[in-house]
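A.B. asks: just a sequence and a predicted model for now, questions to come.
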Amino acid sequence: MPDATDAVETPTPRRKPKAPVTTIGGRTMKPSTLMMGYGYDPMLSEGSLKAPIFLTSTFAFESAAAGKRHFEGITGQRPGGAEGLVYSRFNGPNQEILEDRLAIWDGAEDALSFSSGMTAICILMLAYCSAGDVIVHSGPLYAASEGFVAKVLSRFGVTYVDFPAGATRAELDAVMEKAKAQAASSGGKVAMIYLESPGNPTNALVDVEAVRDARNAALDPAVTPIAIDNTFLGPLWQRPIDNGADIICYSLTKYVGGHSDLVAGSVSGAKRWMDPVRALRNTMGGIADPNTAWMLLRSLETVELRMERAGRNAEKVCAFLKQHPKVEGLGYLGMVDDPRQQDIYHRHCTGAGSTFSVFITGGEAECFRFLDSLKVAKLAVSLGGTETLASHPASMTHLSVPPARKAVLGITDNLVRISVGIEDPDDLIADFEQALAAV
């Protein structure tokens, strides 16, 4: 061990190498490769192969002038944001490495991490909405997202116009005109178009390209961003930025986290769209904590493997369920019958996912018998984990949605939502078979 007289230079932890390597032999590396090291240099953290967990509330500045400059960036007095680490409500090494890697999956310029998916969504909407503004949104949405728009933002003078997930271009044109007129009458603007595709829990798809074209025809695309919750298919099976979305939202709790052992969220997009969200997050807090960010870095290394396995399992399970006499229908993207939904699927998606709805003959009582009889699948809300989960949206995640609204959105009493995990598919089929026998 060196004594106190030795001149020892302690390596300074940094969030990324100065020039991250993204190509090899003229080839741009795939996200699954970049997840193993992008944004982190082991030599700047004592040679640790994996990024340490930086459990600190604050960071020492190299000089007073540097501290001033960082705060000028944080407070917006200078464009560009902080140029270093400041305080853990604003940024941290684990969170910044995570955000760099999330942006890679979405093909985005920038990304922000949050303590939950709903924190991400709420801060996103608050960053763009003012009194008198209008939000346009698709339906169905996750109940908490829809409730935040209808019950919370409405208290501050923000209204909304909604449309069904499968709306055509002509229908979307009418929606945009209605929203524009509504905003004009209240002295505001159309602040955001917020989509969820596939919709929770029906798996209904939104035509993002048609939404983009309708927005561009009626509104200023520099003022009204298109945001989309990509939790059901992202980051592997859908990249909405390629189809015209500006902002991508996730519950990282689901497929990205993938082990049902953390809660987190994110938004990604061009820096110009992220800057207002970052500023509000800096004020309100809600950034993912260092340990959660570190766990997500672990999960991102296997997200492609897990999602591919779960997707193959879901395909086999749905082939069984489709022919079962006690199953009235499936909301599985790999077996869509509606021509409009088929068209959107083929243009927007690279896979059918592993979360779907199954309509059981009967109603709530029959669904409860099915759910209570499961042995391998777990009766729990959430999705995208390594284990198979099953729930009853009408009485659980979407209980707060008024009955008339549920009927419009197709959230019926005989709908069970299933998220298939990475177990053996034949064991899952056997489990569903014996549970359906109890109905």
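C.D. replies: Arrived safely. Residues are numbered from 1 along each chain as shown.
A.B. asks: tell me the mean pLDDT for the strand or helix carrying M295?
C.D. replies: Using DSSP states H and E, M295 sits within helix 290-300. Helix 290-300 shows a mean pLDDT of 98 in the predicted model.
A.B. asks: against which helices or strands is it packed?
C.D. replies: Applying 3 or more Cβ pairs under 8 Å, 6 or more residues apart in numbering; DSSP states H and E, we find helix 290-300 packed against helix 93-106. Using the backbone N, CA and C atoms, a C-beta is placed for each residue, glycine as well.
A.B. asks: centre of the chain to the helix it packs on, how far?
C.D. replies: In terms of Cα atoms, centre = their mean, to the nearest Å, the gap separating the centre of helix 93-106 from the centre of its chain is 14 Å.
A.B. asks: who does it touch, helix- and strand-wise?
C.D. replies: With contacts taken as 3+ Cβ pairs under 8 Å, 6+ apart, helix 93-106 sits against helix 31-34, strand 110-114, strand 265-269, helix 290-300.
A.B. asks: which of those is buried the deepest?
C.D. replies: Mean neighbours per residue, mean count of other Cβ atoms under 10 Å, is largest over the helices and strands packed on helix 93-106 for strand 265-269, with a mean of 28.
A.B. asks: ok so, going back, would you turn the helices and strands packed on helix 93-106 into TSV with distance to A181?
C.D. replies: Shown next, in TSV, are those (distance: least, Cβ to Cβ, whole Å):
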stretch	distance to A181
helix 31-34	42
strand 110-114	33
strand 265-269	28
helix 290-300	42
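A.B. asks: related to what we said a few turns ago, contacts for the helix holding M295 next, please.
C.D. replies: Applying Cβ atoms under 8 Å, 6 or more residues apart in numbering, the contact partners of helix 290-300 are 35, 50-51, 53-55, 88, 92-95, 97-98, 101-102, 105, 113, 115, 252, 256-259, 261-264, 288.
A.B. asks: what sits up against the following helix or strand past that helix?
C.D. replies: As assigned by DSSP H and E, the chain's next helix or strand after helix 290-300 is helix 303-322. For helix 303-322, contacts defined as Cβ under 8 Å, 6+ apart pick out 31-32, 35, 235-237, 255-256, 258, 327, 330, 332, 334-335, 351-356, 358, 384, 386, 418, 420-423, 425-426, 428-429, 432-433.
A.B. asks: next, the buried residues of the host helix or strand of G73.
C.D. replies: Applying DSSP H and E as the criterion places G73 in helix 64-74. Buried residues in helix 64-74, counted by 16 or more other Cβ atoms under 10 Å: R69, H70, F71, E72, G73, I74.
A.B. asks: what do you get for stretch 237-252?
C.D. replies: So stretch 237-252, judged by 16+ other Cβ under 10 Å, has buried residues 237-241, 243-252.
A.B. asks: tell me the one of the residues you listed nearest E146?
C.D. replies: Distances from E146 to the buried residues of stretch 237-252, taken as Cβ to Cβ, are shortest for C249 (13.8 Å).
A.B. asks: please enumerate the helices of the stretch 51-200 of the chain.
C.D. replies: 64-74, 93-106, 117-128, 143-147, 169-185 (DSSP state H, counting those that start in this stretch).
A.B. asks: would you turn those into CSV with distance to K316 and mean pLDDT?
C.D. replies: As requested, those are exported to CSV (distance: least, Cβ to Cβ, whole Å; pLDDT from 0 to 100):
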stretch, distance to K316, mean pLDDT
helix 64-74, 50, 92
helix 93-106, 26, 97
helix 117-128, 29, 98
helix 143-147, 30, 94
helix 169-185, 36, 98
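A.B. asks: what's the closest of those helices to P201?
C.D. replies: For the helices of the stretch 51-200 of the chain, proximity to P201 was assessed by Cβ to Cβ; helix 143-147 is nearest, at 9.5 Å.
A.B. asks: around T22, how many other residues sit close by?
C.D. replies: T22: 12 surrounding residues under other Cβ atoms under 10 Å.
A.B. asks: what sits against the closest residue to G234 other than its chain neighbours?
C.D. replies: Leaving aside its chain neighbours, G234 sits nearest to Y250 (6.1 Å; criterion: Cβ to Cβ, 6 or more residues apart in numbering). By Cβ under 8 Å, 6+ apart, the contact list for Y250 reads L102, G117, A120, D229, N230, T231, G234, P235, V256, G265, S266, V267.
A.B. asks: among the residues you listed, which one lies nearest to S138?
C.D. replies: Out of the contacts of Y250, the member with the shortest distance to S138 (by Cβ to Cβ) is D229, at 9.4 Å.
A.B. asks: and for the closest one, the neighbour number?
C.D. replies: Applying other Cβ under 10 Å, I find that D229 has 28 neighbouring residues.
A.B. asks: now do the phi/psi pair for it.
C.D. replies: Per-residue torsions, D229: phi -80, psi 110 (degrees, to the nearest 10).
A.B. asks: end to end, how far does stretch 263-272 reach?
C.D. replies: 27 Å (Cα to Cα, to the nearest Å).
A.B. asks: ok, residues contacting that stretch?
C.D. replies: In contact with stretch 263-272 (Cβ under 8 Å, 6+ apart) are residues 99, 102-103, 106, 108-121, 124, 225, 227, 241, 246-253, 256-257, 274, 277, 288, 292-293, 296.
A.B. asks: SS state for Y255?
C.D. replies: coil (DSSP: H, G, I helix; E, B strand; the rest coil).
A.B. asks: who are the contact partners of the nearest residue to it once chain neighbours are set aside?
C.D. replies: Take Y255 and drop its neighbours on the chain: the residue closest to it by Cβ to Cβ, 6+ apart is G384, 3.7 Å away. Going by Cβ under 8 Å, 6+ apart, G384 touches T231, T253, K254, Y255, V256, G257, G258, A310, S354, T355, S419.
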